[in-house]
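> Sequence below, structure please.
(chains A, B and C)
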Amino acid sequence: MSDTSIVWFRQDLRLADNPALVAAVSSSHRVLCVYIDSPQEEEPWPPGGAAKWWLGHSLAALAQSLESKGGRLDCFRGAAGATLAQLAKQTNASAVYWNRRYEPQAIARDTQIKKDLTAQGLTVESFNGSLLLEPPEVRNKQGKPFQVFTPFWRAFYEALQPIPLLTAPRKIPCPHEPGKSVKLSRLGYLPKIPWDAGLKEMWVPGEEGAWERIEQWIMLAPKYDGLRDQTDRDGTSRLSPYLHFGEISPRQIWHKILQKFRIQPGAPLPEGLKVYAKELVWREFAYHLLFHFPQTPLEPLRAQYAEFPWNSDRSLLRAWQRGLTGYPMVDAGMRRLWHTGWMHNRVRMIVASFLVKHLLLPWQDGARWFWDTLVDADLASNTLNWQWSAGCGADAAPYFRIFNPVSQGEKFDPYGDYVRKWVPELAKLDVPWIHKPWEAPPFALQAAKVELGGNYPLPVVDHVKARNRALEALKSLRE
DNA sequence: TTTTGAGTTGTTCGA
DNA sequence: GTCGAACAACTCAAA
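Prediction:
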């Protein structure tokens, strides 16, 4: 047993099933738990506005649970490596532990820090705290990374071993507070002007919030395959922000599902649960791709898409961002995103297809906006899904798959409840017109107090024309 | 080594 | 209304 060790918290803001924390507690008498704010080291993807909001609350929750175990969370600002080295010196710590991250800039930085701290005589160990399997653990038979989901899923399922969960330490004794720590509230993660009412209403960030949410949702999991597409219901798990910040681990979710429905590890999963399990594995696939193709947050995986004749009309981008495209389903999704920091998966596909195919705006613009506005913004998932929507990524949607925002609305929001909730100026419009107000007869618009081009915009593009234009542009790319 | 069949989420058109 | 076909190109893995 050494005297003191350090745990560096990043995207693993939980006490249960936290390998770095367990390693520290079991190898030393005292554990210094630290969080370091170093946005410049996250470039070009420092946390966006919604993510910072989440982070601020999640760190507060973590600090509180550490205190309940006799511990403490110390926050710092500045270069992570230098901060850790200095803290080790100050507290006379002999080891530093953390759970690994997989973004290219984080890998480069963490590798350097590990080297530097080791050279200073410290024990440094990192762990897998956020994936079921790490990227190098899944390879095809030629030893190469996968680029198609289904074979990845098969290989993954075969390679997956039952993983024992780690319980939260009972006590986390901490050393004296080192100097230069910064109060959490001084990190500036929480808004100075109160724009976060909608986020507060929807979310309880933190480890406890994650478990409340999974308990609420889990009884729906067996019907996930049918429920997940209904935009006006609660059928998706909404665990994405908790997973991103590591307030719950995918191992914990996997266990919970097996335990709740009494499934033996390795036994075949019933359909609904299998579809959900696949979603967790899509997340793993996203990390697999980001790890093996680190240029993809900015560059299309299929190189020929770099030549695509994108539009550069900033006013169209702004209309999309603000939810003023004149297509109710798109606008509802974009406004909900702005209001709550989140969007239903089905709606994400609709708005992404609209940006890329109807407006011909670069998928990177969409990815950037999502990065800044989503509480679950995750470089791996965001990259995979935008490239999938744009058709330029791994296992991409075929070029001719262009979502029709009207028929998608009619299919997945059949009564228009979703639109009415998030686009209140259309609230009184009857069901037949709710997804296509421009086709409503004048009396219907008048009765609903809708003035097209007045209090609600006319469509910024015509669906049929936009669709044909996209097909043409995509054809030109192939030639 | 080469061949072959299959592959998250859709739309439109014509029979 | 319902149904099947067409809308590519490329990766992967089995044969």
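> remind me which residues of the stretch 201-350 of chain A are low pLDDT?
Within the stretch 201-350 of chain A, no stretch has pLDDT under 70.
> Leaving out the residues flanking it, which one is nearest to the residue of it found nearest DNA strand C?
Scanning the stretch 201-350 of chain A for the residue nearest DNA strand C gives residue A:302, at 6.9 Å (criterion: Cβ to the nearest atom of the strand). In this view, the C-beta of every residue, glycine as well, is placed from N, C-alpha and C. Nearest residue to residue A:302, sequence neighbours excluded (Cβ to Cβ, 6 or more residues apart in numbering): residue A:392, at 4.9 Å.
> ok, now which ones touch that neighbour?
Listed by Cβ atoms under 8 Å, 6 or more residues apart in numbering, the contact set of residue A:392 reads A:300, A:301, A:302, A:305, A:308, A:363.
> Torsion angles phi and psi at the fifth one?
As for residue A:308, its main-chain torsions (degrees, to the nearest 10) stand at phi -60, psi 140.
> Okay, and the spatially closest residue to it that is not a sequence neighbour sits in which element?
Computed as Cβ to Cβ, 6+ apart, the closest residue to residue A:308 that is not its neighbour in sequence is residue A:477, at 5.8 Å. Following DSSP states H and E, one finds residue A:477 within helix A:463-478.
> wait, what's in contact with the spatially closest residue to residue A:291 that is not a sequence neighbour?
Excluding its sequence neighbours, the residue lying closest to residue A:291 (Cβ to Cβ, 6+ apart) is residue A:135, at 3.6 Å. Going by Cβ under 8 Å, 6+ apart, residue A:135 touches A:102, A:145, A:287, A:288, A:291, A:292.
> With residue A:476 as the reference, measure out to residue A:135.
Relative to residue A:476, residue A:135 is positioned 35 Å away (Cβ to Cβ, to the nearest Å).
> Next one: residue A:455 from residue A:223, what distance?
38 Å.
> hang on, the earlier thing: show me the two of the contacts of residue A:392 that sit farthest apart.
Farthest apart among the contacts of residue A:392 by Cβ to Cβ are A:301 and A:308. That separation is 13.1 Å.
> who's in contact with the residue found closest to residue A:427 once you drop the neighbours it is linked to in the chain?
Spatial nearest neighbour of residue A:427, chain neighbours left out: residue A:420 (4.5 Å); criterion: Cβ to Cβ, 6+ apart. Counting by Cβ under 8 Å, 6+ apart, residue A:420 touches A:426, A:427, A:429, A:434.
> List only buried entries from those.
Among these, the ones that count as buried by 16 or more other Cβ atoms under 10 Å are A:426, A:429, A:434.
> Just the closest residue of the stretch 201-350 of chain A to DNA strand B, please.
Proximity of the stretch 201-350 of chain A to DNA strand B (Cβ to the nearest atom of the strand) peaks at residue A:282, 4.0 Å away.
> Need the phi and psi values for the residue nearest to that residue when sequence neighbours are not counted.
Using Cβ to Cβ, 6+ apart and skipping the chain neighbours, the partner closest in space to residue A:282 is residue A:149 (6.9 Å). Backbone geometry at residue A:149, expressed as degrees, to the nearest 10, gives phi -70, psi -50.
> from memory residue A:149 sits against residue A:395, does it?
Yes. In this structure, residue A:149 is within contact of residue A:395 by Cβ atoms under 8 Å, at 4.8 Å.
> Give me the buried positions along whichever strand in chain A runs longest.
Longest strand of chain A, by residue count under DSSP state E: strand A:28-37. Neighbour counts over strand A:28-37 (16+ other Cβ under 10 Å) mark A:28, A:30, A:31, A:32, A:33, A:34, A:35, A:36, A:37 as buried.
> Direction included, what does it pair against?
Strand A:28-37 has the following sheet partners, assigned by DSSP bridges: strand A:2-9 (parallel), strand A:73-77 (parallel).
> who are the neighbours in contact with the residue in the stretch 51-200 of chain A positioned nearest to DNA strand C?
Residue of the stretch 51-200 of chain A nearest DNA strand C, by Cβ to the nearest atom of the strand: residue A:140 (2.8 Å). Residues near residue A:140 by Cβ under 8 Å, 6+ apart: A:146, A:151, A:155.
> do the helix or strand hosting the last one and DNA strand C meet at all?
Just to be clear, that refers to residue A:155. Here residue A:155 sits within helix A:149-159, counting by DSSP H and E. Yes. Counting by Cβ under 7 Å from any atom of the strand, DNA strand C has neighbours in helix A:149-159: A:151, A:152, A:154, A:155.
> For PyMOL, what selects the buried ones among those?
Here is the PyMOL command that picks out the buried ones among these, judged by 16+ other Cβ under 10 Å:
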select buried, chain A and resi 152+155
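> pLDDT and distance to residue A:23 for the residues of helix A:149-159 next to DNA strand C - can I get that in JSON lines?
Formatted as JSON lines, these follow (pLDDT from 0 to 100; distance: Cβ to Cβ, whole Å):
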{"residue": "A:151", "pLDDT": "93", "distance to residue A:23": "34"}
{"residue": "A:152", "pLDDT": "95", "distance to residue A:23": "30"}
{"residue": "A:154", "pLDDT": "92", "distance to residue A:23": "33"}
{"residue": "A:155", "pLDDT": "93", "distance to residue A:23": "29"}
